[in-house]
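Visitor: Requesting a structural model of the entry that follows:
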Amino acid sequence: MSMRESWRGVRVALVVGKEGVDAHRVAAAVELVPELLTDGSHVESTADRWTWNVRKGETDTLEVQTFALVTQIHPRLESLLALQRDGYAVHVDIAGTAETGSTMAVPPALLSELASLGTPVTFTCLTEAGVPESDPLSWLDG
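Guide: Sure thing, here's the model as predicted:
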């Protein structure tokens, strides 16, 4: 069996969506002040999505990012549940650049940590240009 490459540039993000998302309310719910983040993570906000990218550096592993997110969010689960009750969709997204045949191994301990948040987890395969692949099955071997 040949060694397969792992996804590159992996990043973990908390994503909160709703038409007309209130970025200040979401940031307050998770107790983040985007303007004051000095750890390398960053917040992006649009009219319908608020995203906290946990990635602090190019070498952060999936494990480091996941535990950073869970550590920040777990004590604030009730605030996330309140957002969900008010119509916000909340999930964790794991994204990275994937080549044909590359793998993404998520250890059971990380899955357990993510499950403790009670939110869905999605995986986004990015192309070399850093955008989601248009064909969701294009990463499969032909």
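Visitor: Name the nearest residue to Leu117, sequence neighbours excluded.
Guide: Excluding the flanking residues, the one nearest Leu117 by C-beta to C-beta, 6 or more residues apart in numbering is Ile73, at 5.9 Å. No exception for glycine: its C-beta is placed from N, CA and C like everyone else's.
Visitor: Check Leu80 too.
Guide: Take Leu80 and drop its neighbours on the chain: the residue closest to it by C-beta to C-beta, 6+ apart is Val90, 5.5 Å away.
Visitor: residues in contact with whichever strand or helix holds that neighbour?
Guide: According to DSSP states H and E, Val90 maps onto strand 89-97. When contacts are defined by C-beta atoms under 8 Å, 6 or more residues apart in numbering, strand 89-97 is touched by residues 7-18, 51, 62, 69, 80, 83-84, 104, 106, 114, 117, 119-128, 130.
Visitor: who does it pair up with?
Guide: Strand 89-97 sits in its sheet next to strand 8-17 (antiparallel), strand 121-126 (parallel), going by DSSP bridges.
Visitor: Ala115 and Arg85: what is the separation?
Guide: Using C-beta to C-beta, to the nearest Å, Ala115 is found at 20 Å from Arg85.
Visitor: Ok, Asn53 next?
Guide: For Asn53, the distance to Arg85 (C-beta to C-beta) stands at 25 Å.
Visitor: more neighbours, the two?
Guide: Comparing Asn53 with Arg85 by other C-beta atoms under 10 Å, the one with more neighbours is Asn53, at 20 against 8.
Visitor: one step back: in ChimeraX, select just the buried ones from the contacts of strand 89-97.
Guide: Selection of buried members from the contacts of strand 89-97 for ChimeraX, criterion 16 or more other C-beta atoms under 10 Å:
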select :7,10,11,12,13,14,15,16,17,18,51,62,69,80,83,114,117,119,121,124,125,126
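Visitor: Any figure for the gap between Val21 and Leu83?
Guide: Counting by C-beta to C-beta, the gap from Val21 to Leu83 is 10 Å.
Visitor: actually Ser6, not the one I wrote
Guide: Note on Ser6: its distance to Leu83, by C-beta to C-beta, is 32 Å.
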